[in-house]
Structure formats: C-alpha cells, structure tokens
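requesting a structural model of the entry that follows:
(chains A and B)
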Amino acid sequence: DVKVTQSSRYLVKRTGEKVFLECVQDMDHENMFWYRQDPGLGLRLIYFSYDVKMKEKGDIPEGYSVSREKKERFSLILESASTNQTSMYLCASSLRQNEQFFGPGTRLTVL
Amino acid sequence: GENVEQHPSTLSVQEGDSAVIKCTYSDSASNYFPWYKQELGKRPQLIIDIRSNVGEKKDQRIAVTLNKTAKHFSLHITETQPEDSAVYFCAASSSNTGKLIFGQGTTLQVKP
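Predicted coordinates for the structure are as follows:
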C-alpha cells in the first residue's frame, strides 16, 4: 500500500519567512511532484522531480524552489513567503507514467 | 503551452441519473488520461485511467471514452449515488516523467 506523507497538515507563517514543506514516499517511486490547489483553478504543478537531484519547473515555479537529495524525499521551499502563497499544497509520487499517489496536503496560511 | 479544459465546473444530478464530464487537451502527443476523485477534505485518488491505444474503458459504473482525433475525453458515471458527490479532475500526460496537466475540476452533487 503506497504511502505519501507530508510534514504538516496545517502551517501558519508570516510574510518574509522561509518555509519548508516536506514530502516522503515509501514505494521507491522515481517521480515526485508538488502542486498547489486553489478553488476554481484545479491542481497546478509547481515543480517535479524524475530522479534524485533532478528537478524541472512546472507551470507556476515563481517564488518556490525544491530539493531532492534522496529518492524518497522531496522538499518544497518558499524562500520568502508572501500572502499570495496562502494555499493548499499537495505532494504526489508515481512510477513512470502511471497513477500519481497524493499526500494528505498542507494548508499553508501566510499572514 | 499545454492545456486541459474541463466542463462543466459544477454538475448537479438526481440519484440514479447519469453524469458526464468532458475534457479537451491541447498537446497532440498526450497518451495517458487519468481521472481523479477528491472528496471533501481528502486527497485526490485515481478512479480510472485510459491510454491512447484504446478508445473506451469501463469499470463498473464508471467509463471513460477517448477521441484522439478531436483531442477530447469524457468520464461517464451511471446510476449515480450520493457517495459519488465530489470534485472530479481530468488530466493528460505526454511524458514518461509522469507529468500531468490537470483540468480545473468539476464539482458533482448527487441529490438523494
């Protein structure tokens, strides 16, 4: 049974703070993804990684960076949080071009 | 760039009726089309997917059809039940990296 976990369910940060969101999967998937979900906009891809230390920009990478030092872990970093980054953040993993398994999400509020 | 359009944004049906959600995609190289269901407060979960070498796939009350020429695919739910109420997302992929482009989502309400 695939398990994707995220470090926090809820997070409140202040404008300008550096924020780390972590995602861990236990199924040896090579692909990992970070999305943000906002009402009416669906799931928008921020960054993804298809191998350790490899990353590619998604549709909305501005203001974000990522790190993948180990296969099971994919981190999303907000260098200087802003109020427009208040959102639900979802991590996912997959094996090649197959089903993506999602984590429970982190609801981030930036004040 | 790559784009997936999903319609309608909201859909309300009576229990027992059928529901149809339609998506169009822009990248002609797309070859994998999954559908995800997201219940309130939960994570999205795959309910059915189809690859470009088939035109239709069925799993109990759920079916997906694909028209590659027209670049559109549809989700059909028959004999709807209240537990089918959720947000449904279509997606398309053209790469072995598994990168998905999602539609904007359809909120389905099934009235008992």
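
contact partners for B:Gln81?
Residues in contact with B:Gln81, defined by Cβ atoms under 8 Å, 6 or more residues apart in numbering or on different chains, are B:15, B:110. Glycine gets a C-beta too; all of them are placed from N, C-alpha and C.

look up phi and psi at it.
phi -130, psi 160 (degrees, to the nearest 10).

how close does it sit to chain A?
Per Cβ to the nearest Cβ, to the nearest Å, B:Gln81 is found 23 Å from chain A.

what is A:Phe74 paired to in the beta sheet?
A:Cys23 (DSSP bridges).

where's the residue lying closest to B:His7 once chain neighbours are set aside, which helix or strand?
Spatially, and ignoring its direct neighbours in sequence, B:His7 is nearest to B:Lys22 (5.4 Å; Cβ to Cβ, 6 or more residues apart in numbering or on different chains). Using DSSP states H and E, B:Lys22 sits within strand B:19-25.

again with A:Ala92
Using DSSP H and E, A:Ala92 sits within strand A:87-94.

helix or strand next in line after that strand, which one?
Following strand A:87-94 toward the C-terminus (DSSP H and E): strand A:101-102.

which other helices and strands contact that next one?
strand A:87-94 (3 or more Cβ pairs under 8 Å, 6 or more residues apart in numbering or on different chains; DSSP states H and E).

what does chain B put close to chain A?
With Cβ under 8 Å from any Cβ of the partner chain as the criterion, chain B meets chain A at residues B:1, B:6, B:9, B:31-32, B:34, B:42-46, B:49, B:89, B:93, B:95-105.

now the buried members of the residues you listed.
B:6, B:31-32, B:34, B:43-44, B:46, B:49, B:89, B:93, B:95, B:97-105 (16 or more other Cβ atoms under 10 Å in any protein chain shown).
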